[in-house]
Structures are given as structure tokens and as C-alpha cells.
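Student: Sequence plus the predicted model coming up.
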Amino acid sequence: MAESQQLWLIPILPFLGFLINGLAGRRASKAFVNAVAVGSVVLSFIWVTKVLTGLGQIETTHIERYFTWFSSGNFSVGVDFAVDRLTAVMLLVVTGIGSLIHIYATGYMAEEEGYYRFFAYLNLFMFFMLILVLANNFLLLFVGWEGVGLCSYLLIGFYFHEKFAGDAGKKAFIVNRIGDFGFSLAMFLIVVHFGTLDFGAVFESAATRQPETSAGVITAICLLFLLGAAGKSAQVPLYVWLPDAMAGPTPVSALIHAATMVTAGVYMVARSKSLFVLAPIALETVAVVGIVTAFFAATIGLLQNDIKKVFAYSTVSQLGYMFVGLGVGAFSAGIFHVVTHAFFKALLFLGAGSIIHACHHEQDMRHFGGLRKKIPITFATLACAWVAIAGVPPFSGFHSKDAILLAAHAHHPWIYWVGVFTAGMTAFYVSRAMFLTFFGEYRGHAHPHESPSSMTIPLIILALLSLAGGYFPILEWLAPVLGEEHADHNFALVAVSVAAGAAGILLAYVMYVASPGIPDALATRFKGAYNLIYNKYFVDEVYDVAIVHPIEQGSRDLLWRGFDAGLIDGAVNGIGSLSRAVGGGLRRLQGGNIRSYATWVAAGAVALILAMSITGGVQ
Amino acid sequence: MSVILFLLFAVIAVAAAVNLVVQRHPITSALSLIAVMGSLAVLYLLLGAEFIAATQIIVYAGAIMVLFLFVIMLLNAGAERQVPGRSLASKLLGIPVFVLFLGIVCFLIQRFYASADSAVEFGSFTGGGPREVGMALFTRYLLPFEITSVLILVAILGAVVLARKELD
Amino acid sequence: MDFPLPLPVQQVPLSWYLILSAILFALGICGFMFRRNLITVFMSIELMLNAVNLSFVAFSYQFRQVDGQIYSFFVMVVAAAEAAVGLAIILTVFRNRQTLEVDEMNSLKL
Amino acid sequence: MPVSTWPSSAEMLRFLPEIILTLAGTGLMIAEPLTGENSKRNLGWVSFVALVLAIFAAIAAHGNPGPAFSNMLVVDGFATFFRILVFAVGLLTILLSLSYLDREKHQQGEYYALILFSIVGQGIMASANELIMVFVGIEISSIASYILAGYIRDDKRNNESAIKYFLLGSFATAFLLYGIAWIYGLTGTTNLDAIRASISNPDFASGESLIGFAAALMAVGFAFKVSAAPFQAWAPDVYQGAPAPVSAFLSVGPKAAAFAVFLRVFRTAFEPIGDRWQPIVALMALATMCIGNFAALRQSNIKRLLAYSSIANAGYILVAVSARSSTGTEAVMFYLASYVLMTIGAFAIITYFSRQGERYVEINDLSGLAARQPVLAGLFTVFALSMIGVPLTAGFFGKFYIFRAALDSGLVWLTIFGLLNSALAAYYYLQILVVMYMREPGEATENLAPMPGGIQAAVWISAVGTILLGIFPDLLSKFTVAWTLTAK
Amino acid sequence: MILLTVLFLPLLGFIASLLMPRDNHEGVRRFTLVFSLIVFAVSLGLIGPVLAAPDQYSHVTDASWISTPNIRFHIGVDGLSLWLIILTTLLTPLAALISWKYIDHRVKEYFAFLFLLEFGVIGVFVSLDLFLYYVFWEVGLVPMYFLIGIWGHERRVYAAVKFFLYTMAGSVLMLAAIVYLYLKSGTFDYPAILARMASGDLVLTPAESLPLFLAFFLAFAVKVPLFPLHTWLPDAHVEAPTAGSVMLASVMLKMGTYGLVRYCLPLFPNAARECAPWIAALAIVGIIYGALVAMVQPNMKKLVAYSSVSHLGFVVLGIFSFNQLGMDGAVYQMLNHGVSTGALFMLVGMMYERRHSLEIKDYGGVATPAPLLATVFLITTLASIGLPTLNNFVGEFLVLQGAAMTNFTWAIFAAVGVILSACYMLWLYQRVFFGRASEDVQHHMPDLNVREWAAVVPLLILMVWMGVYAQTFLPAVSASNAKTLEQTKVNAEFQVQTPRTAPGVIANAR
């Protein structure tokens, strides 16, 4: 093993930040809080770069074992960190974008109450996210997995005075729990069949097993992992929490719900690549789930008016793309998209935050308009993100998305076509958002102003990354770990997808800049479809009616009042009442009358005589 | 002869006992009881228990029953009132219990006692005279005999405690 | 003692005595159950004791032993003692309640 | 038949305790009219001393065990145990009575004499080896008890208690007597060992049915005395109506002696037909437990509640009787001892608490006692917990020994029902605790005079004994083991 | 000697506090705190020798107590009981702390009962003689009855009586079974009985061992409480004073699960294995049922109580998985539940002290006036729902893993409980702490004071410690569980060799 790189410092720095801010932040000055929060993450980023330079090409996985977390019998779980090329990418993304967003947040959150609390949570998130990425076994990964979920919960519910924030946080956590349910079961199956949770050991023994004996189990494991990933990465049918999660402060949306945490599912599937490749059915399912999600979320995104909601559905949709990438075997492409998406989606959110900040917490695009001139830096940077996500060559989104779509075409052409159509929609709704926000006349009542430099600088950096990110050699870098894609660069296919993007932008321009009456006309014309999509297919409502409500009502009326209080306690109390009734009956026999008592004595005597003289005596 | 005597006095005894049970007035019942005791004394004689027969008349019929009569008269007890009794249990179970009890006892005697049964021959047993009784009482049964004095002491004490006039 | 027997001998079986005893005993039970005067009830008990005595004497004859008779003697003593106490109790009851009705003695219940 | 000579001094010694008590009782009768109103209390102390002497005499007698008076009596460990037990009951009863009689203005020497005579009867029952002694002992004990139950003769409750006790008691005795007659008729003897020998003889003429019949009649008498179902009906009325110290006495003394006799007769004389009576006694035990516990659930009067509780306790003891083993006998002995302690303790508190004329005998009168009189409530709690059978109290070990014996004899079903019954019983004892601890203090808990010394002594002795036996049952169980009824 | 001290010091405390003057409330409180801290400190001395040989009994005292029948005062500690004892001694001073202001009448009796409770509970955990065990088992009942009945809320009497009767009814049959075992084996001494079973001197036929097992099991199942015998628990918890709830949840319920591990499995391995599917089914139903019912409770304590039903379902499931992981997890989960649910009850109690209500609807927005309380509550909540790095996670994971190894379906259903626990706890948290604070809440919810801090901080530390470095605690537990499992196997093998055994039993004895 190579010399120790002190990997533990990477997550522990933000954790220290969390501790300091959490314990002392309340009474500390903002400057101090800023210094601790930003400083710890930036230091962590620096440490990451130092570690990665130290490790160089990372031909083999670099593992550092610290201590046994718990052990039972032959089974033990260690706190072990590992770095390979995949981890390296993720580490850079997480700490890098994390640093930017921390910096941004110092400006964005400047006037919020609970400032220290926000940063403490954010640091805690970094800690868990880094654990997730660094983990060398499934359980430690799960620690990070759950931890980021927790921070997500805390940060979504940051404005805890508002009911919707609390609701959204809870929803996020619980839906994630459903995913974790799958994740846990997958782990259980792994332990049952492989006896360990260490990545290396599991993958190795999975690969050497006889496929006919273990295929079913591995498929099951992978499907369960998929459930977990679907929860975390907001895939159908568990995507519902992510749009609601926008209740949190915007930097949170950028960091957690766009750039890092939600991609954990993708990371996890990529990490488990060795298993997934042994389970083609599971892989297929991943692809289908991905494309369905991509398409489905994109349609919803078309009609949202809340700028953050639009981006949220966009995130869901983009995550779908990543899943498609994984599902069709283009793991590197999936991760590549993770990276580029982290750039441009973080940028989109931060930009949106900047807009919201400028417009005094207005998020409805119908109250924006013409902001291009009022907040030019924001506009400029957002435009970079726009072109990136719309797949305009040669910007970052184009590269990663095309890598995925090409791989998909090689695999299942229909996925490609749906993907292309979705790309068109993506271009449309992002353009729509851009047009509604920055073009036309200002329709709001606030006095928009440009954000402070602590916010704009990260925007600018991200903008650059969004533009150029596509040229990072991530595919090549990851190839040894995640395998090569064998899709040939078919220019026709590329052209089609680019065209779809262009069409989307064009259509949006027509509808929202050139002739703004069209949307309303269409809405009245296709009222049913419009309502359906506008209300997000009523998925939340269906879940409510079909799952949440029955469980709640059933628990209350059937289980608690009916079974618990009624049946069990009723039976228990019934025994009591019955006993008392018997007692009452006996009391009546005991009426105080001597002659009755004598009768009982005589009758008892008769019974006794009968019993004792007849039993056994008379045959 | 002994058959006739037995039957005669047995019938008297049963009849008197029935009378005791069916009569409403305690005096009548008391007199019936005396009749039972008298006829039993005769049967004792038939069984060769002379001393007991005598005691039966003197102590039982004489002393105890007189005490009863005294009390009945002292309290001026009249006939029971003609109201329905309050004991449901005795009303429902009384007769069945009586019949069953008697039935079982008779059955058992007929069925099982027959093997040990013997004919009563008057005069064949003469161990029931005062001498024999006295011998047994003061040798083997000395302790119980002495102890019964405690019993009687208790009875006296009880009567005194319960029936005396308040001193104060 | 020698006693001439003019009639053709047809002896009484001992069991008849026992059955008579049983009948009297059962009648005593009946008396307790059906009579409502305290004194009569008490007399029913005396009847039962008498019935027992008859059994004792009969058995005494059976074994040609005096022991059974001694028993009945003790029973008489006990009966006497009981009579003294019982009647004293009945007196106190009557003094307090002015009645001998058995059915009135039921204030203690429930 | 052997004609015995004048009793030897050893035989006299074996009967010495009863002689002492008889003499003391007679002396009290004589002294009573000669004693001034104010010094009658001293007569109580005389009886106390007599009982202490009797205990010593019983111990002395045990030093020289064996039969006495033509085998009428037998002094063995079993007899000694029960003698000491009933004498101890007498001691505690007298401690209770001293101030009670003062309070009720009935301080008389006769009372103590009656107690002593009753105990004489019970002592005889404990050592009787002859049915005639059984009978006479029961009668002495009972007749004295009848009078004691109606001791406050101008109290209607006392009257009724006495008349019920008397009539029903005599009624049951008649059955017992009839049974004795039949035993005599079937075996020609009334000596317990001889009866056993006669029954176990394979040529036994009359067959088992008649013996069963006779045994059943005797069982009626015993079952009545121990208040076993279905002969239990008298007990609640009598205990409720009798003066509180007498209730205490009646619910333990005669009962303990009756169990002694029950055991001795059935385990000695009727052991050969054990197969016949065991299931019957077991059923009786079950019925007794159930009736006692179920009926107790609905009681509001403490004395009556304790009466039902004593019925239930009789049921537990019958479980041990039905075990038909020497461990069963040990269990009976242990349980009775612990039962004596907790029952007398509880009655002692009631005696004190009820105040003149026994005004406060409802459970609700105890409301909030713990707040006003924590020590008193604590003591009552000890007794209640012991009756429930919570460990570290004597009652727990009592139950434990009983159910061990039952299981040992394969009475699994009875054990289970018994244990469930004891859980059921917890309910009404808890009710007392609830009232004492969890209610607001009521009118009845006010103006409690300080506890008289005698009652205090009785309560503390009972409580300490209850806890001591609960922690170190060996203190007693080594005697029960050594002195159990040995099958010959 | 240390163990004797730990066991009897509380008894001494009980007596001493009873003897203290009646109205010196402050004195009694201080005495209780200091004295129970001393007990805790002494109990720490148990750890060293036990960790050195966790599968053996350390600190053994074996003296004759009762000669007929031979009942021994046999006590000892192994890896299974060690942490439970420490938990008990730790929670007692904390319970005293949280009762400081809460209890203002009949103070000395209250603290006396607290000591008696500690005595009984420790006794249960250290007894190695079945009879002694039963004695302590019942002794623990009495103080809790009074704690609920005297210092509880409105329906305290009902709850106290229900608690007592439920437990009593459950445990009497265990007594019968203990006695039966004694009659079969001739001893109450637990190690001796096991030795006899292992050597084949004592053979229980299937017809015997099943009823015996059920008799033990019923007693424990009531105590645990296992669905559907749980209905006493919500009532008892709701009505009990805070410290009562804490002690009840944290240590008394463990008496049941401890009994399952300590007695049910080694004594009746075949019966236990035979019944395992049914019991696991009940446990799983309990997990889900408890969670669902907890979700709809309007009362905080009731909610936590039902959550206990759910949590303890995990413990039972783990035990009846019959493998190392499951059992380790189960035992660990006992400790975890003791820490986190104890803390939850403490916090709920603190809120009750401020607001005098347990109804969730009377709260809302508490995080605003009392952020520290909110934070502590949050951490506790997270621990309770099994967030990794906090204690419950390790236990739950091991239990579920163990269950999965035995029967994967169990794990599937049981894991649903993990989802649901998040639902009800977070919903509770949201309703109580989130939202806008009403006037009442705003003014009557001061933040934690020093005394309250002192009560919860040890538990918070434990939550993290046990969650992050389980190796402090687990190896001892593991070793003793390994021995227990071995015992169940020894017997199974023995049964295989015995021709009398029915084939079904062998099939079930893995």
C-alpha cells in the first residue's frame, strides 16, 4: 500500500467546521462563522488536490483503514477510506463546487436568521458527502448516504417557521428512506451471499462466482440498489421529494439538490458497476427508469412557473439522463454528466438564487422579466449555463449528454430517440425560463439589484466551468475503472440531438418572446393535458390518496382505535369486567341467608359423597 | 318380636322426625323431637346399649329438650309466619338434595354394606352396661372424657357471657 | 341378659338401623333447610346428631364393642354443651332483633 | 383392648400445654369477678403469660415425642408446629384484643378465657391421633369461637355472626360426626393408624366406596372449618360481623388447626384411598380459589374482603393438601405460618383503624392513608404485598412452596390455575394500595389516636415476621421440613 | 465484591432515603443524586474483569440462601449483562436529576422507590439462580407500580394497576416453569442446569420444553412488550412521571429481552427454534404495527411508547434470528433503545414541565424559543430513527442483517419499520418544533437549564459514542452471545444423538 495520504483529513475538516459553528456559532460573529465554514471546505478542497497529486495516476485503489466500527462474529465493518479514479473525480467535484457554493452562501444568506446554523449544516453535509465518496465499503457509503439525507432534511427545513418547509424536509427524508430501504436490503443480501461489505472483496467474489448460481441474487441486489439510488437521485417513482426540496435556501438547492447529493445514486451505481454488469436485467431497468424519469420530469418542467421548480424538474430529468448512461453501460458517460451537470446546474441554481435575492425572494417567473439589464452578471453567467444544458456544442452539456445518447443508441435506439426528444424539451424549458426572466418587461414590484461579489464570483467560475467542462478528459480518466464505451461517434445522431436542442430554444423564443400569446392559447386549447402537466400529473395527490392517507387513516381508525384500544384493550378490560361480573354473581349467591348456606353445604356434601364413593368404586 | 319392635319404633321415629320438619310451631317440633329420642332409646336397648338408652332419656330427652322448651316458652316463640321463604337455594335444591342424599346413602348401604351385614339378635351383645361403659370411659377414653369437661366449662362460660344481665 | 323370644325368629339386619339413621339424618338436613325458626333449625341439628348416635350404637353392636356407645355418649355431652351455647346465642339474637326468623338474619351480606 | 394404666408423667408432659391453658382459663374465670374494673386488663396479660408458658411447654413436650393417653394424642413435630402456631396466634390475638376491649368497653376476663379454651381445642386438634379427639377438639375450639364471634352481644352484627357461625358450624359438625360413625362402622376403630392399617388391608371387607363415603362426610366437616368451597359461605358473614380481633383469630387459628387435622386424617388414615380424594380436593382447591378471588373483586368492606381473601388462601393451601406429599404438607405448614402473620397484621391495622364501634371498615375509608400515616400505610402495604405473593415477603415463599409441591405431584393444571388466581388476586389487593396511596385523604384518616402498644406490637411482629420469612424462609422451612407429617 | 456493592448499595439507598426527614426535600434529592452517582462510579469497576473474559461470569458470588429447596444467592456478570447494569446505574442519577423539580410531593418516598427499582433491576441482570432471578423480577414491579400510581398523571391508577396485573399475569407462569425445571433438574442454579443439559443429565422432551418455553416466553413477551401484549405500555408510559417512563423504557423493558437471551434460548433451544418463525412474525408485526400506531398518536409520550413497541420488535426479531449478528444486534439494540428512548422521554418530560401538556397540538414552533432543546431533541430523534453514526443504526443494521441471514423475508418486512420510524419521529419533530411559536409556547418554553443539560448530555455522548465506535461495547456482547448460541447448538446436537427425539425437532435445530 502506498504511503498514507491522511485521507481522513478530507471529511474531518468540514466536520470540525460543523462542530465549531454548531457549538460556538451562536455567539460568534458572522465573519468568524464565514471563516470557519468556508475555510474548512476550502481547506478540504486543497487537501483533496494535495492528496490527488500525491497519488498521481491512481492506477490501483488507494485504501486507508482506520478502525473497526463494529464487528460481530466474522462480520466486521471498518471505517476505511479508499480513493480510486472515480472517487477522485467525485472528490474534486464535491469539494470544488462545495467551496464555491459556500462562498456564494456567505453572501446569499447574509441577512438570514440562524446564519451559523445554516453553515453548520452545510459543513456537516460536506462531511457526509465526503464520507460517501471516500467510503471503502457499502455500509460506510450508507453512512454518508444517510448523513447527506439528514442534512438535506435539515436544510430543506431550514425555514422551519414555514409549514411547507417542514413538510418538504420530512417528505424528502421519508422518500429517501424508502430508497434506503432498498439500499439496506441490498446490503443484507450482499452480506448473506458474500459475507462482507468491502467493495473490493464483494466485487471480486461476485466476479468469480458461477453466474448461474448467483445471477438471481446479484440481480436482486442490483434492483434493490436501484431502488436506493432512485430515492436519493430522485428517479421515478421516488422523485417527488426533489421539487419540494426547493423550499430550502437556494445554495442548498444548488449544492445538495443539484450538484452533489442527488448524484450520489449515480455514483453508487457506478461504484457497484462490477455487480451491475453481472445483472443485465437490472441494468436494463436502470436505463428504463432513467429515460422515463428524464422524459417525465422534462414534461413537467415545461409548465412550471417557479424558477426553482423548473430547475428542480430539470435536475430530475438530467439525473434521468445519467441513469440512462449507467443503464446502457456507459458508466463513465454517466459520471461525466454528473460532473458537467454539477457545473451548469449549480450555476443555474445559484443564478436563480441571485435573481431571487435580487427580487427579494420572489420566485415566480411571471413576476420577473427584463432582468437582463438589471442584473447583467447574473444574466451572463446564467446564459452560459443555458447553453450548456441545452446541449449547444461545444459547451459542457453537449459533450456529456451526447456521450450518453450515443451509448444509448448503440444499446436501444428507442431510448436514444426519447432522449433526444427530452433534450429538446430541456432546451425549451430552460430557454423559457431564461426568456421569461431576462427578456421582455419587468413584471414584478421589487427593485432588482445585482448581487454582491461573494455571490457573483462563484457564478463566474461556474460559468467558465460550464462552458469548458466538456473538455475535461473524464471519460478517458475513468475508463480503467468504469470501462470504455464502444459507441462510435455517429455524427448524424449528434446532429439530431443538437437539432432537437436548437428546436427547443427556438420554440421557446417564439412562444415567449416573439408571440407571447401562444402559451395561453395552447393552454386553453389543450386544457386537459395542460392541467395534467401543470399539476405534475397529480402524482403527489395520487400518492396522498393511494398511500399516505390510507396508511394514516388505517393506522388511526383501524389499528389504534380499532385494534389496539378496541380489540386488545377491549379484551383485556373485558376479562376484567367478566371477572367482576362473576364476582357479582358470586356475591348474589352469598345473600346472607343461613338456609341457603346450609343448602349449599348439603348440596356440597352430596356432591362430595357422590364423587368420592362412586369414582373408581362402582364399575 | 325384635322385628316388630324395631319396625314400630322406627316408624314412630321417622314419623316424629317428619313431623318435626313439617310443623310450623317450635313447640310441636320440640315434642316431636322428644318422641324421636324416646323411640331411639328403645332401639338402643334393642342393640344392647342399655347405658346409652338410659342417658338418652335422662340427658337428652330430659335435660336438653327441656332446655329447648324453656327457651321456646321464654321467648314466647310463635308459629312461623306464612310468608314465602327468602332462600331460593333451599327452595330449588332442598328436595333434590334430600332425595339424592338419602338415595345415595341407602344405595351404598344396600350395595356395599351387605357383605358386612349381620342380623341383630337381641341380647347377643351385652357390653353396653354402665360397668362396661364406665370401664372404657375411665381407662382408654380418660383423656376425651376429661377434656369434655373443658367443653362444658366453655359452654357454661358462653352461656354466662351471652345471657347474663349487664352488671353495670 | 336373657330375653325370651316368642315369635318365629326373623332378625332385623343391622343395615336397617343404618338406613333408619340415614333417614333421620336426611330429615334433619331437611329441617335445617326448610324451617325458618331458629330454634327449630337448631332442633333439626339435634335430630341429625341423634341419627348419628343411632349409627354409632348400631356399629357398636356390630363389633360387639363398647366404643361406639362411648362415642354416642360424647356426642350427647357435646350436644348438651351446644344446646347451652346455642340457646344462649339465640337469646341474644332475639333480644336484639325481637325475632327468631332465620330469614331475617341477613344483614351481613354483599 | 389393652387397658391403660394411669398416664405416665411423660404423657402428662405431652399434654402439658393444654393443661396450662385450661388451668389459666379456669383461673381467669375465677379471677374475673374478683378483679376490679380497672385491672381487668391484667387478666389479658395473664392469658398472655399462659400462652407463652404453653409455647415453652409445647417445646418441652417436643423434647419427648410420642403418643399419650392410650394413643389418643401424639406429640410429633407436626403437632408441635401447629401447637406453637396456634399459641402464637393466641398471643397476637390477645395483643390486639387488649385495647380493642378497652375501646369497646367490654374488658372482661371471660374473653381471654374463651380465647384460651378455644386454643386448647385447637391444640388438641393439632395433636389428635383419634377421631374422637378430633371431634372433641373441634367442638371445644368451635363452641368457644361461636361465643367469641358474638362477644359484643348488644351489637347486631356480632349476634348475626354468632348465630350463623353456630348453626352452620353445628350443621357441618353433624356431617363430620356421621362420617366418623361410618369410619368406625367400617373399620372398627377410630385410631388413625389403625384405620389406615385396616383400609390398606387387601381383605378389607366393605370396599373402598363406603370408606370414600365416610371420608367424604368427614371432608365436609373439615372443608367447612377451613372454609373451602362449596362450604365457604359462612366465612364472609362471620368475619364481617365478628369483632375485629376475633375475626383475626377466627380466620387463622381454627383454620390452621383444621388444616392440621385435615392433613393428619387424610394423610394418615385415608392415605390408602388417596387416589379417591386427591382429585376431589384438587377440584375443591380450584373452586375455593376462584370463588374467594372472584367474589373479593367486588367487596367494599375490608373485613369482608379479607374474609374472601382468607377463602382464597384456603384454596391455595388445599392445592398443597391435594399434592399428597410431604412437601405438600411442608407447604401447608409454611403457608399457614406466613398466612397467620399477614392476616393478623392486616386485621390488626383494621382493628386500630376502625375505631370505636368499628365505624371505619370500608375500603374507601382508607383513602389517602399513606399521606397522613405513611408508616401505617407502609405496614399495610407489606401485608398486602405478601398476600399478593410478591417476593421478599413470606406470602411469596408460601405460594412458592405450595406450587412446587403441586408441580411435584404432577398437578400442572392446578398449578397454572392457582398461579393465575394469584394474579387475579393481585387486583383487589392493589385496590387497597390504590386507595391508600393514590387517593386524596378522606375524613376517616383524620383524628387517628396514637396506635395502642399492643396493636403496635402485633403489627410490627407480623410485619417483621412477614419480611424476615420473605428473605430467610429457612428460618421456618427447616422446621417444616423436619416436622412434616411422615408417611408411615 | 464490587458486584455485591453495586447490587446492595441501592437497597441501602432505599432504606436511607426512607429514614430521612420528611420535609427535607432538597436533602433527599441531593442525597439521591450523590448516592446514585456513587453507585454508578462503583459499577464502572465491573467493566475491567468482564471485558477480560466476557463469555464467563465475573464477580461471582455464590452463597447458599435457602436450604430447602436449595436456592443459592448466585450472582455474576458477563458480557450480556455488563452494559445493561451500567446503563441502569447511569440512568438512575439521571432520573434523579430530571425529577428534581418535577416531584414536589412525597419526595423521599419517590426517591426511595427509585432506589428500590434500581435494586430490583440490577438484581434481575446479575442473578444466576433462577429463583433469585424471579425474586428480583417481581421486586422491580412494586416500585414501578408506586411510581406510576402515586406520581403519575390523571389516569395513573388505571395505568399502574394495568401495568402490575399484565406483568404479574405474565410472570406467574414463569414461576411455574422455573419450579418445574427445578423439579426436573434438582437445582435452581442456572449454570448448573445448563451444565446438566449439556451433559445430557437433564433432558427435556419436546412435550415438556415447548410449554416451559412458552411459559418463560410469555412472561418476557409481556415485559418486552411484544405485540399483541403491548397495550399496557402506552398507558403506563403516558401516566408515569418522567423518570418512571425513563426507567421503564430504558431498563425495565430490557428485563424481558434480556430474559429471552439469557434464559429462553439456552434452556429451550429446540422449542425456541421451533417457535422462532411465529415469534419473528409477531416481532415484525410489532415493528410495523407499533410504528403505524405511533404515527397517529396525538400524545407525545404515547407516540414514544408505541415507538418502543416497534423498536423492541427489532430486538426480539434479532434474538430469534438465531445467529451471531442478529443476537449481537438485538443486545446492542437493547442498550441503544435504553439510551435514545430514555433521552426522548426525558426531553418530553422537560417539555411537560414547561407547558404541562403532552399533547402535540399544544406545541409547535418550540425551536424558536428553545433552540438547544430542539437540537438535543433532534439528535435524539435521529438516533431513534437509526441514523448512521448514532447508536441505533448499528443495532438495527445487525438485527436486520441477522434476520436476513435466517430468512430474507423477515428483513424485508422489518426494514419497512425503519421507513416508518422516520415518518412518525420526523412528523412529531416537525409538529412540535417547527412552525411558528404561539404566544404560550413563546413565553413558557425557556431553553434547557444546567440541570437538564447534565441529564441529557451523558446520553447524547453515549449516542454518538455507541454509534461511531461500537467496538467499545460490542465485543463483550458478542462473546457472550457466541456462548449462548453455542449452548443452543450443544443441546441441539445432543438431541440429535438421542433417539427419543422427534425428527421434526432435529430438522428445526440448525
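Tutor: Ah, there it is.
Student: any low-confidence regions in chain B?
Tutor: B:1, B:82-85, B:115-117, B:165-168 (pLDDT under 70).
Student: Just give me the residue closest to the centre of it.
Tutor: For chain B, B:Met37 is the residue whose C-alpha lies nearest the centre (CA atoms, centre = their mean; 6.1 Å).
Student: Phi, psi for it please.
Tutor: B:Met37 has phi and psi values of phi -60, psi -40 when expressed as degrees, to the nearest 10.
Student: and it, how far is that from chain E?
Tutor: B:Met37 sits at a distance of 54 Å from chain E (criterion: CB to the nearest CB, to the nearest Å). Every C-beta, even on glycine, is put in place using the N, C-alpha and C of the backbone.
Student: for the host helix or strand of D:Met342, what is the average pLDDT?
Tutor: Using DSSP states H and E, the element containing D:Met342 is helix D:326-354. Helix D:326-354 shows an average pLDDT of 92 in the prediction.
Student: That one and chain C in contact?
Tutor: No - figure legend: helix D:326-354 not in contact with chain C (CB under 8 Å from any CB of the partner chain); closest approach 15.5 Å.
Student: how about the very next helix or strand once past that helix: buried residues?
Tutor: The first helix or strand that comes after helix D:326-354 along the chain, using DSSP H and E, is helix D:369-372. Using 16 or more other CB atoms under 10 Å in any protein chain shown as the test for burial, helix D:369-372 gives D:Leu369, D:Ala370, D:Ala371, D:Arg372.
Student: right, and the last one touches D:Glu443 too?
Tutor: This means D:Arg372. No - counting by CB atoms under 8 Å, D:Arg372 does not reach D:Glu443; the two are 11.2 Å apart.
Student: between these two, what contacts are shared?
Tutor: Common contact partners of D:Arg372 and D:Glu443 (CB atoms under 8 Å, 6 or more residues apart in numbering or on different chains): none.
Student: My read is that the residue nearest to the centre of chain B contacts C:Asn50, right?
Tutor: Yes - under the criterion of CB under 8 Å, B:Met37 makes contact with C:Asn50 at 6.2 Å.
Student: what do those two both touch?
Tutor: By CB under 8 Å, 6+ apart, the residues touching both B:Met37 and C:Asn50 are B:Tyr60.
Student: Give the other helices and strands that the helix or strand hosting A:Gly576 contacts.
Tutor: Per DSSP H and E, A:Gly576 falls inside helix A:569-589. Counting by 3 or more CB pairs under 8 Å, 6 or more residues apart in numbering or on different chains; DSSP states H and E, the packing neighbours recorded for helix A:569-589 are helix D:274-296, helix D:412-438.
Student: Residue of chain E closest to chain C, please.
Tutor: Using CB to the nearest CB, the single residue of chain E nearest to chain C is E:Val161, 22.9 Å away.
Student: which non-adjacent residue is nearest that residue?
Tutor: D:Leu430 (5.3 Å; CB to CB, 6 or more residues apart in numbering or on different chains).
Student: give the contact list for the one you found.
Tutor: Applying CB under 8 Å, 6+ apart, we find D:Leu430 in contact with D:Ala384, D:Ile388, E:Tyr145, E:Ala160, E:Val161, E:Phe164, E:Leu165.
Student: And those, which is closest to chain A?
Tutor: Lowest distance from chain A to the contacts of D:Leu430 (CB to the nearest CB) belongs to E:Leu165, with 8.4 Å.
Student: okay, the closest one: pLDDT?
Tutor: Reported pLDDT at E:Leu165 in the predicted model: 84.
Student: For the stretch 201-350 of chain A, give me the ranges with low pLDDT.
Tutor: Under the criterion pLDDT under 70, the flagged ranges of the stretch 201-350 of chain A are A:211.
Student: So D:Ile143 sits against C:Glu82, correct?
Tutor: Yes - between D:Ile143 and C:Glu82 there is a contact under CB under 8 Å: 6.6 Å.
Student: which of those two has more neighbours?
Tutor: D:Ile143 (31 against 27; other CB atoms under 10 Å in any protein chain shown).
Student: give me every residue that touches the more buried one.
Tutor: Neighbouring residues of D:Ile143 by CB under 8 Å, 6+ apart: B:Leu151, B:Val154, B:Ala155, B:Gly158, C:Ala81, C:Glu82, C:Val85.
Student: again with D:Leu53
Tutor: D:Leu53 touches D:Ile20, counting by CB under 8 Å, 6+ apart.
Student: Check which residues of the helix or strand containing it are buried.
Tutor: Assigned by DSSP H and E, D:Leu53 belongs to helix D:40-62. Within helix D:40-62, the residues scored as buried using 16+ other CB under 10 Å are D:40, D:43-44, D:46-48, D:50-51, D:53-55, D:57-58, D:61-62.
Student: so where is the stretch 351-488 of chain D shaky, pLDDT-wise?
Tutor: Applying pLDDT under 70 to the stretch 351-488 of chain D flags the ranges D:487-488.
Student: Can you tell me the closest non-neighbouring residue to the residue sitting nearest the centre point of chain E?
Tutor: Against the mean C-alpha coordinate of chain E, by CA atoms, centre = their mean, the closest residue is E:Lys254 at 2.0 Å. Using CB to CB, 6+ apart and skipping residues adjacent in sequence, the residue nearest E:Lys254 is E:Met334, 4.8 Å away.
Student: would you say that neighbour is within a helix?
Tutor: Yes - E:Met334 forms part of a helix when assessed by DSSP: H, G, I helix; E, B strand; the rest coil.
Student: Contacts only, for it.
Tutor: Counted by CB under 8 Å, 6+ apart, E:Met334 has contacts E:Leu84, E:Lys254, E:Thr257, E:Tyr258, E:Val315, E:Gly395.
Student: Now pLDDT and secondary structure too, for the residues you listed, in a markdown table please.
Tutor: Listed next are the contacts of E:Met334 as a markdown table, based on pLDDT from 0 to 100; DSSP: H, G, I helix; E, B strand; the rest coil:
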| residue | pLDDT | secondary structure |
| --- | --- | --- |
| E:Leu84 | 92 | helix |
| E:Lys254 | 90 | helix |
| E:Thr257 | 91 | helix |
| E:Tyr258 | 92 | helix |
| E:Val315 | 93 | helix |
| E:Gly395 | 90 | helix |
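Student: from the residues you listed, which two are the most distant?
Tutor: By the measure CB to CB, E:Tyr258 and E:Gly395 form the most distant pair in those, at 14.6 Å.
Student: if we can go back for a sec, so which elements touch the helix or strand just after the helix holding A:Gly576?
Tutor: For helix A:569-589, the succeeding helix or strand toward the C-terminus, using DSSP H and E, is helix A:594-609. With contacts defined as 3+ CB pairs under 8 Å, 6+ apart, helix A:594-609 has these neighbours: helix B:88-112, helix C:14-34, helix D:156-187, helix D:207-225.
Student: Now do the one helix or strand C:Glu46 maps to: which elements does it pack against?
Tutor: Per DSSP H and E: C:Glu46 is located in helix C:38-63. Packing partners of helix C:38-63 (3+ CB pairs under 8 Å, 6+ apart): helix B:2-22, helix B:26-46, helix B:65-74, helix C:14-34, helix C:67-97, helix D:156-187.
Student: right, so the ones you listed: which one is the most enclosed?
Tutor: Highest mean neighbour count among the helices and strands packed on helix C:38-63 (mean count of other CB atoms under 10 Å in any protein chain shown): helix D:156-187, with a mean of 27.
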